[in-house]
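Asks: Structure for this input, please:
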Amino acid sequence: MSGKGTLTWTNGDSFKGSWLNGIMHGFGMYTWSNSDYYVGTWTQGLKDGKGTFYPKGSKLPAVQQLYLNALRERGLLPDMRKQNQVSHIHHYTSVDIEDVKKCKRRQKKLAKEIKRPGEQIIKGHRSYDLMLSLQLGIRYNVGKITPIQRREVQATDFGPHASFWMNFPKEGSQLTPPHQSEDFRWKDYCPMVFRNLREMFKIDAADYMMSICGNDALRELSSPGKSGSVFFLSQDDRFMIKTL
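Replies: Okay, the predicted model is just below:
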(Lines give C-alpha, C1' and ligand atoms only; values in the text may rest on other atoms or scores of the structure.)
Protein backbone atom coordinates (compact mmCIF):
# COMPACT_ATOMS: atom_id res chain seq x y z
CA MET A 1 0.00 0.00 0.00
CA SER A 2 1.87 3.05 -1.26
CA GLY A 3 0.91 6.56 -2.35
CA LYS A 4 -1.64 8.97 -0.88
CA GLY A 5 -4.73 7.71 0.89
CA THR A 6 -6.70 7.33 4.11
CA LEU A 7 -6.82 4.41 6.57
CA THR A 8 -9.27 4.31 9.47
CA TRP A 9 -8.74 1.79 12.26
CA THR A 10 -11.52 0.02 14.15
CA ASN A 11 -10.81 2.12 17.24
CA GLY A 12 -11.71 5.30 15.32
CA ASP A 13 -8.18 6.62 14.74
CA SER A 14 -7.33 7.54 11.14
CA PHE A 15 -4.40 8.73 9.05
CA LYS A 16 -4.67 10.60 5.76
CA GLY A 17 -1.45 11.25 3.89
CA SER A 18 1.46 9.44 2.27
CA TRP A 19 2.10 5.71 2.63
CA LEU A 20 5.01 3.45 1.72
CA ASN A 21 4.71 -0.34 1.81
CA GLY A 22 1.81 -0.21 4.25
CA ILE A 23 3.30 2.26 6.75
CA MET A 24 3.00 6.04 7.19
CA HIS A 25 5.78 7.74 5.26
CA GLY A 26 5.73 11.41 4.24
CA PHE A 27 3.33 14.27 4.96
CA GLY A 28 -0.01 13.55 6.59
CA MET A 29 -2.53 14.10 9.35
CA TYR A 30 -3.24 11.62 12.15
CA THR A 31 -6.62 12.00 13.87
CA TRP A 32 -7.48 10.24 17.11
CA SER A 33 -10.99 8.99 17.90
CA ASN A 34 -11.47 11.87 20.37
CA SER A 35 -10.85 14.42 17.54
CA ASP A 36 -7.32 15.37 18.62
CA TYR A 37 -5.06 15.47 15.57
CA TYR A 38 -1.43 15.87 14.57
CA VAL A 39 -0.15 17.42 11.32
CA GLY A 40 3.40 16.63 10.30
CA THR A 41 5.71 14.18 8.54
CA TRP A 42 6.49 10.53 9.10
CA THR A 43 9.46 8.34 8.13
CA GLN A 44 9.01 4.58 8.10
CA GLY A 45 5.98 4.85 10.40
CA LEU A 46 7.57 7.24 12.95
CA LYS A 47 7.00 10.98 13.42
CA ASP A 48 9.97 12.76 11.91
CA GLY A 49 10.75 16.48 11.58
CA LYS A 50 8.47 19.37 12.44
CA GLY A 51 4.82 18.81 13.28
CA THR A 52 1.99 20.30 15.33
CA PHE A 53 -0.47 18.65 17.74
CA TYR A 54 -3.98 20.13 17.96
CA PRO A 55 -6.15 19.03 20.92
CA LYS A 56 -9.89 18.74 20.51
CA GLY A 57 -11.60 22.13 20.55
CA SER A 58 -8.39 24.14 20.30
CA LYS A 59 -8.52 27.40 18.36
CA LEU A 60 -5.91 27.72 15.66
CA PRO A 61 -4.13 30.98 14.77
CA ALA A 62 -5.82 32.64 11.78
CA VAL A 63 -2.80 32.22 9.50
CA GLN A 64 -2.45 28.53 10.40
CA GLN A 65 -6.18 27.99 9.77
CA LEU A 66 -5.90 29.46 6.27
CA TYR A 67 -2.90 27.23 5.57
CA LEU A 68 -4.76 24.10 6.68
CA ASN A 69 -7.80 25.11 4.64
CA ALA A 70 -5.59 25.39 1.55
CA LEU A 71 -4.24 21.88 2.20
CA ARG A 72 -7.81 20.55 2.54
CA GLU A 73 -8.85 22.16 -0.76
CA ARG A 74 -5.89 20.53 -2.50
CA GLY A 75 -6.86 17.15 -1.04
CA LEU A 76 -3.75 16.84 1.15
CA LEU A 77 -5.76 16.89 4.36
CA PRO A 78 -9.24 15.59 5.22
CA ASP A 79 -11.95 18.20 5.56
CA MET A 80 -13.10 17.69 9.14
CA ARG A 81 -15.44 20.65 8.76
CA LYS A 82 -17.78 18.65 6.51
CA GLN A 83 -18.12 15.94 9.18
CA ASN A 84 -19.19 18.52 11.76
CA GLN A 85 -21.42 20.53 9.42
CA VAL A 86 -24.73 19.02 10.59
CA SER A 87 -23.99 19.54 14.30
CA HIS A 88 -23.33 23.23 13.70
CA ILE A 89 -26.47 24.09 11.70
CA HIS A 90 -28.40 25.40 14.72
CA HIS A 91 -25.37 27.43 15.81
CA TYR A 92 -25.08 29.15 12.44
CA THR A 93 -28.75 30.14 12.43
CA SER A 94 -28.29 32.01 15.71
CA VAL A 95 -25.12 33.87 14.70
CA ASP A 96 -25.56 37.52 13.88
CA ILE A 97 -25.22 38.01 10.10
CA GLU A 98 -23.12 41.13 10.56
CA ASP A 99 -20.54 39.14 12.56
CA VAL A 100 -20.31 36.61 9.73
CA LYS A 101 -19.68 39.40 7.20
CA LYS A 102 -16.96 40.90 9.39
CA CYS A 103 -15.29 37.51 9.74
CA LYS A 104 -15.27 37.00 5.97
CA ARG A 105 -13.76 40.45 5.41
CA ARG A 106 -10.99 39.67 7.92
CA GLN A 107 -10.27 36.35 6.18
CA LYS A 108 -10.00 38.02 2.77
CA LYS A 109 -7.69 40.70 4.16
CA LEU A 110 -5.50 38.07 5.82
CA ALA A 111 -5.35 36.02 2.62
CA LYS A 112 -4.00 39.05 0.75
CA GLU A 113 -1.38 39.68 3.44
CA ILE A 114 0.08 36.16 3.08
CA LYS A 115 0.13 36.23 -0.72
CA ARG A 116 2.81 33.85 -1.95
CA PRO A 117 5.88 35.42 -3.57
CA GLY A 118 6.79 35.17 -7.22
CA GLU A 119 5.06 35.26 -10.57
CA GLN A 120 3.19 32.17 -11.72
CA ILE A 121 4.49 30.88 -15.05
CA ILE A 122 1.58 30.46 -17.46
CA LYS A 123 1.44 29.96 -21.23
CA GLY A 124 2.87 33.03 -22.94
CA HIS A 125 5.24 33.77 -20.05
CA ARG A 126 8.89 34.37 -21.04
CA SER A 127 9.97 31.31 -19.03
CA TYR A 128 7.14 28.98 -20.05
CA ASP A 129 9.17 26.81 -22.46
CA LEU A 130 12.10 26.69 -20.03
CA MET A 131 9.77 25.55 -17.24
CA LEU A 132 8.34 22.74 -19.40
CA SER A 133 11.84 21.62 -20.35
CA LEU A 134 12.97 21.63 -16.71
CA GLN A 135 9.96 19.63 -15.59
CA LEU A 136 10.32 17.06 -18.36
CA GLY A 137 14.07 16.68 -17.87
CA ILE A 138 13.79 16.24 -14.10
CA ARG A 139 10.88 13.82 -14.39
CA TYR A 140 12.74 11.74 -16.98
CA ASN A 141 16.04 11.52 -15.12
CA VAL A 142 14.67 11.03 -11.60
CA GLY A 143 12.30 8.37 -12.91
CA LYS A 144 15.22 6.67 -14.67
CA ILE A 145 17.61 6.57 -11.69
CA THR A 146 15.09 5.72 -8.94
CA PRO A 147 14.44 2.02 -9.85
CA ILE A 148 18.20 1.24 -9.85
CA GLN A 149 19.27 -0.72 -6.80
CA ARG A 150 20.60 1.52 -4.05
CA ARG A 151 24.33 1.46 -3.34
CA GLU A 152 27.01 3.64 -1.77
CA VAL A 153 28.39 6.52 -3.84
CA GLN A 154 31.69 5.70 -5.56
CA ALA A 155 34.45 7.87 -7.03
CA THR A 156 33.22 7.01 -10.52
CA ASP A 157 29.87 8.67 -9.71
CA PHE A 158 31.55 12.09 -9.78
CA GLY A 159 33.14 14.13 -12.54
CA PRO A 160 32.54 14.64 -16.28
CA HIS A 161 32.29 10.91 -17.02
CA ALA A 162 29.32 10.62 -14.64
CA SER A 163 27.25 13.26 -16.48
CA PHE A 164 25.02 12.40 -19.42
CA TRP A 165 23.57 14.34 -22.37
CA MET A 166 20.10 13.62 -23.73
CA ASN A 167 18.24 15.14 -26.70
CA PHE A 168 14.52 15.88 -26.29
CA PRO A 169 13.04 16.55 -29.77
CA LYS A 170 9.54 17.99 -29.76
CA GLU A 171 8.12 15.01 -31.65
CA GLY A 172 9.73 12.55 -29.22
CA SER A 173 12.21 9.73 -29.81
CA GLN A 174 12.78 6.09 -28.90
CA LEU A 175 13.92 7.17 -25.45
CA THR A 176 12.00 10.40 -24.81
CA PRO A 177 8.29 11.32 -25.00
CA PRO A 178 6.82 14.05 -27.25
CA HIS A 179 6.34 17.39 -25.54
CA GLN A 180 4.88 20.88 -26.04
CA SER A 181 8.05 22.99 -25.75
CA GLU A 182 10.82 23.44 -28.32
CA ASP A 183 13.57 20.91 -29.00
CA PHE A 184 16.12 21.00 -26.19
CA ARG A 185 19.26 19.23 -25.00
CA TRP A 186 19.47 18.10 -21.40
CA LYS A 187 22.49 17.25 -19.24
CA ASP A 188 22.11 15.19 -16.09
CA TYR A 189 24.98 15.82 -13.67
CA CYS A 190 26.08 12.92 -11.43
CA PRO A 191 22.60 11.33 -11.08
CA MET A 192 23.67 8.68 -8.53
CA VAL A 193 25.19 11.35 -6.26
CA PHE A 194 22.05 13.50 -6.26
CA ARG A 195 19.83 10.47 -5.79
CA ASN A 196 21.77 9.56 -2.63
CA LEU A 197 21.55 13.17 -1.44
CA ARG A 198 17.76 13.10 -1.80
CA GLU A 199 17.60 9.86 0.16
CA MET A 200 19.91 11.22 2.88
CA PHE A 201 17.54 14.16 3.36
CA LYS A 202 14.54 11.77 3.29
CA ILE A 203 13.07 13.26 0.12
CA ASP A 204 10.73 10.74 -1.49
CA ALA A 205 11.31 10.52 -5.26
CA ALA A 206 7.58 10.47 -6.07
CA ASP A 207 6.88 13.50 -3.86
CA TYR A 208 9.91 15.28 -5.35
CA MET A 209 8.65 14.79 -8.91
CA MET A 210 5.08 15.64 -7.96
CA SER A 211 6.21 18.87 -6.30
CA ILE A 212 8.32 20.10 -9.24
CA CYS A 213 6.88 18.25 -12.25
CA GLY A 214 3.21 17.84 -11.32
CA ASN A 215 0.21 19.66 -12.78
CA ASP A 216 0.98 22.90 -10.93
CA ALA A 217 3.13 25.52 -12.66
CA LEU A 218 6.30 26.85 -11.08
CA ARG A 219 6.63 30.44 -9.83
CA GLU A 220 9.44 32.73 -10.97
CA LEU A 221 11.43 34.88 -8.56
CA SER A 222 13.75 37.42 -10.17
CA SER A 223 17.15 37.63 -8.50
CA PRO A 224 18.20 41.05 -7.16
CA GLY A 225 21.87 40.24 -7.94
CA LYS A 226 23.91 41.39 -10.90
CA SER A 227 24.23 37.87 -12.30
CA GLY A 228 20.71 37.96 -13.75
CA SER A 229 19.97 34.52 -12.35
CA VAL A 230 16.34 33.44 -12.07
CA PHE A 231 14.84 31.35 -9.29
CA PHE A 232 11.93 28.98 -9.88
CA LEU A 233 9.85 27.97 -6.86
CA SER A 234 7.56 24.94 -6.68
CA GLN A 235 3.93 25.69 -5.85
CA ASP A 236 4.19 23.96 -2.47
CA ASP A 237 7.28 26.08 -1.61
CA ARG A 238 9.38 22.95 -0.95
CA PHE A 239 11.95 23.25 -3.74
CA MET A 240 13.79 26.02 -5.56
CA ILE A 241 15.60 25.89 -8.93
CA LYS A 242 18.26 28.44 -9.80
CA THR A 243 19.59 29.20 -13.28
CA LEU A 244 23.35 29.46 -13.80
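Asks: Output the below-cut-off pLDDT ranges for the protein.
Replies: Residues of the chain meeting the criterion pLDDT under 70: 59-104, 106-116, 222-226.
Asks: For it, just list every one of the helices.
Replies: Secondary structure of the chain (DSSP state H): helices located at 62-73, 80-83, 89-94, 97-113, 128-145, 191-200, 205-213.
Asks: Now Pro169: closest residue in space that isn't a chain neighbour?
Replies: Asp183 (5.0 Å; C-beta to C-beta, 6 or more residues apart in numbering). Any C-beta I mention is one placed from the backbone N, CA and C, and that applies to glycine too.
Asks: ok, that neighbour touching Met166?
Replies: No. Taking contacts as C-beta atoms under 8 Å, Asp183 lies outside contact range of Met166: 11.9 Å.
Asks: Looking at those two, which has the bigger crowd around it?
Replies: The residue with more neighbours, out of Asp183 and Met166, is Met166; 16 against 11, by other C-beta atoms under 10 Å.
Asks: got the contact list for Asp157?
Replies: 190, 192-193 (C-beta atoms under 8 Å, 6 or more residues apart in numbering).
Asks: To clarify, my last question referred to Ser173.
Replies: Each residue near Ser173 by C-beta under 8 Å, 6+ apart is listed here: Asn167.
Asks: cool, the one 4 residues further on as well?
Replies: Residues near Pro177 by C-beta under 8 Å, 6+ apart: Leu136.
Asks: next one: Ser127
Replies: For Ser127, the contact set (C-beta under 8 Å, 6+ apart) comprises 121, 220, 230, 232.
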